[in-house]
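Q: got a sequence here, can you model it:
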Amino acid sequence: MDKNKYLIALIGLAGGFILSFMLTQNYNKSNAAPASSTTPSGMAGGAGGAGRQQAMMGQVQQVIEKAKNAPNDFQAQVEAAKVFNEVGRMAETVDYLKKAQAIDPTKFDALGAAGFIGQYYFDQKNYAEAETWFNRAIKADPKEADLYVALGETYIQREPAQPDQAIAQIQQALTIDPKNGHALGHLVEAYALKKDARAAEETVKRLKETEPTNQRISALETMVADLKAGKTVSIPKE
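A: Predicted structure coming up:
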């Protein structure tokens with residue numbers, strides 16, 4: 001299952017600044033330079049584009065400088081985070097969001113950005129820090145099932161894994177949303193890590209009944225078969 005399907009709707013920042021839990025390994029992607037043209041008109045257009053880009057970069061720099069010069073201005077930090085997010089600079093985005101959170105935790109909770117930070121640290125394999133931010137996100141929005149799934153994943157992926165904690169969090173997600181296929185898939189993994197083949201197999205069956213088109217079913221069935229055969233369990237990639 002594509003995690004973006006369940007993550008993208010979770011994080012929205014007020015005033016039109018929309019963030020998501022976008023799962024990506026490339027945090028420094030470029031927003032593409034304009035292609036060059038060999039025709040005179042293309043050259044003129046290129047020059048105009050370069051001018052607009054320069055003006056935009058000037059505006060970006062102003063936003064960043066304002067945030068630096070006003071370290072206690074909550075909105076200035078949020079605007080700087082927005083700028084960095086728009087150009088794919090996730091480390092800086094998170095840095096300014098954390099500054100905003102330190103200034104006013106209540107306003108920060110209203111932005112719904114704690115989960116975004118949690119997902120950033122998850123992608124960096126910093127599962128302890130991801131856990132901290134997912135817990136903050138849950139405190140701000142305790143009815144969002146996918147936040148519990150994301151928290152549960154931090155326990156599955158860390159070494160050594162902590163399957164009991166993962167199961168507890170994912171079961172909480174399923175209490176909120178019993179047909180959450182993403183949660184069921186990770187619950188299978190947690191039971192497999194716990195070496196509870198019966199519970200893992202039953203959860204696969206539940207997933208097949210709930211979401212028969214789930215693309216992870218085959219891989220999860222293979223994992224459970226390996227568990228029952230006494231083989232080493234390997235968590236399938238999502």
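Q: please, where are all the helices along the chain?
A: Secondary structure of the chain (DSSP state H): helices at 3-7, 40-69, 74-86, 90-103, 105-111, 114-123, 127-140, 145-157, 163-176, 181-193, 197-210, 217-228.
Q: out of the ones you listed, which one sits most buried?
A: Among those, the stretch with the highest mean neighbour count (mean count of other C-beta atoms under 10 Å) is helix 181-193, at a mean of 26. The way it works is simple: take the backbone N, C-alpha and C, and place the C-beta from them, glycine included.
Q: low-confidence ranges, the chain, go.
A: Low-confidence segments of the chain, defined by pLDDT under 70: 1-56.
Q: ok, back up a step: could the helices of the chain be laid out in CSV, adding distance to Lys237?
A: Below are those laid out as CSV (distance: least, C-beta to C-beta, whole Å):
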stretch, distance to Lys237
helix 3-7, 11
helix 40-69, 36
helix 74-86, 26
helix 90-103, 21
helix 105-111, 31
helix 114-123, 14
helix 127-140, 17
helix 145-157, 11
helix 163-176, 17
helix 181-193, 11
helix 197-210, 17
helix 217-228, 8
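Q: and Ile235, which of these is closest to it?
A: Nearest to Ile235 among the helices of the chain is helix 181-193 (5.3 Å), distances taken as C-beta to C-beta.
Q: for that closest one, packing partners?
A: Helix 181-193 sits against helix 145-157, helix 163-176, helix 197-210, helix 217-228, with contacts defined as 3 or more C-beta pairs under 8 Å, 6 or more residues apart in numbering; DSSP states H and E.
Q: tell me the angle it makes with helix 197-210.
A: Helix 181-193 and helix 197-210 are oriented at 160 degrees to each other (axes from the mean of the first three to the mean of the last three C-alpha atoms, to 10 degrees).
Q: so Lys208 makes contact with Ile217?
A: Yes: proximity of Lys208 to Ile217 meets the contact threshold set by C-beta atoms under 8 Å, at 5.9 Å.
Q: which residues touch the closest residue to Lys194 other than its chain neighbours?
A: Among residues not flanking Lys194 along the chain, Pro163 sits closest, at 4.0 Å (C-beta to C-beta, 6 or more residues apart in numbering). Counting by C-beta atoms under 8 Å, 6 or more residues apart in numbering, Pro163 touches Tyr155, Ile156, Ala190, Tyr191, Leu193, Lys194.
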